[in-house]
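Q: Here you go, sequence then predicted model.
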Number of protein chains: 2
Amino acid sequence: MKQDKRNRLEKAGWRVGNADELLGLSPEEAEYIDLRIRLGEAVRQLRKKKELTQVELAARMGSSQSRMAKAEAADSSVSLDLLVRYLLALGATRQDLARAIAG
Amino acid sequence: MKQDKRNRLEKAGWRVGNADELLGLSPEEAEYIDLRIRLGEAVRQLRKKKELTQVELAARMGSSQSRMAKAEAADSSVSLDLLVRYLLALGATRQDLARAIAG
DNA sequence: TTGACGCATGTCGAATTTGACATAGACTAC
DNA sequence: GTAGTCTATGTCAAATTCGACATGCGTCAA
């Protein structure tokens, strides 16, 4: 399962660039990726709650459906910045963000 | 004071690119900037708590003193990504981030 | 089947963000 | 004074991230 996790991460585009121990992420790498996944999931939840399609939300903020999809999947090509801006565009407050992050 | 705030923001590099009402930010613009400022302040606090200089922390994560300074000032040239990565490098947990965000 | 709809994934040139560097200001201590 | 330390600010080429587009997959209805 360690290997599975690694595979999934590398599939998502992460160079698990740790020193030597080729199975593990540093604690902060782990936190960072965890954070992104949580925010991606939060975007999807909020979007569905508002009954919007990816196309609709993307249009509303001058982005594109493909970016939206990648964001929700926490693809390595999307920044934390973009994830947060999607959430804010969905009407999330700082408190909502905090909740999504802290889990 | 409204004008003061606008000046400060534009000084920091923000094009307050709102529709027409030339005094205000949209709620999400405001939340976004607020968020960045909070994270910048959190970086400074945590760094000082650990008694590190900007040079030391920057070196520790392969960044530079100038980026650190801009990050703490929430300069528009630094991303949320970088702010968060500084915090994680300082040992902050997701819960710590949530606290810094929610205020 | 065919078509439409929603989402995923890969690629590209353009835009933004990066670390690095130079330099300056503020503050000590000598 | 001036030398040392810490932080702020501007600039740049290189790296990353962006929106856009094409295309594929699954599902549902006609």
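A: Noted; the coordinates are in hand.
Q: hmm, the lengthiest helix in chain A touching DNA strand D?
A: For chain A, the helix that runs over the most residues, judged by DSSP state H, is helix A:27-49. No. If you take CB under 7 Å from any atom of the strand as the test, helix A:27-49 misses DNA strand D, and the best it gets is 10.3 Å. Where you see a C-beta, it was placed from the backbone N, CA and C, and this is true even at glycine.
Q: And for A:Ser26, the neighbour number?
A: Counted with other CB atoms under 10 Å in any protein chain shown, the neighbours of A:Ser26 add up to 15.
Q: Against B:Met68, how distant is it?
A: From A:Ser26 over to B:Met68 the distance is 20 Å, taken as CB to CB, to the nearest Å.
Q: what does A:Tyr86 give?
A: Distance of A:Tyr86 to B:Met68, computed by CB to CB: 28 Å.
Q: Please apply the same query to A:Lys50.
A: Note on A:Lys50: its distance to B:Met68, by CB to CB, is 38 Å.
Q: Likewise for A:Ser76?
A: Noted for A:Ser76: a distance of 24 Å to B:Met68, by CB to CB.
Q: who's more crowded, those two?
A: The residue with more neighbours, out of A:Ser76 and B:Met68, is B:Met68; 25 against 16, by other CB under 10 Å.
Q: Where does that one sit: helix, strand or coil?
A: The local conformation at B:Met68, judged by DSSP: H, G, I helix; E, B strand; the rest coil, is helix.
Q: and A:Ala102, what pLDDT?
A: Here, the pLDDT recorded for A:Ala102 equals 95.
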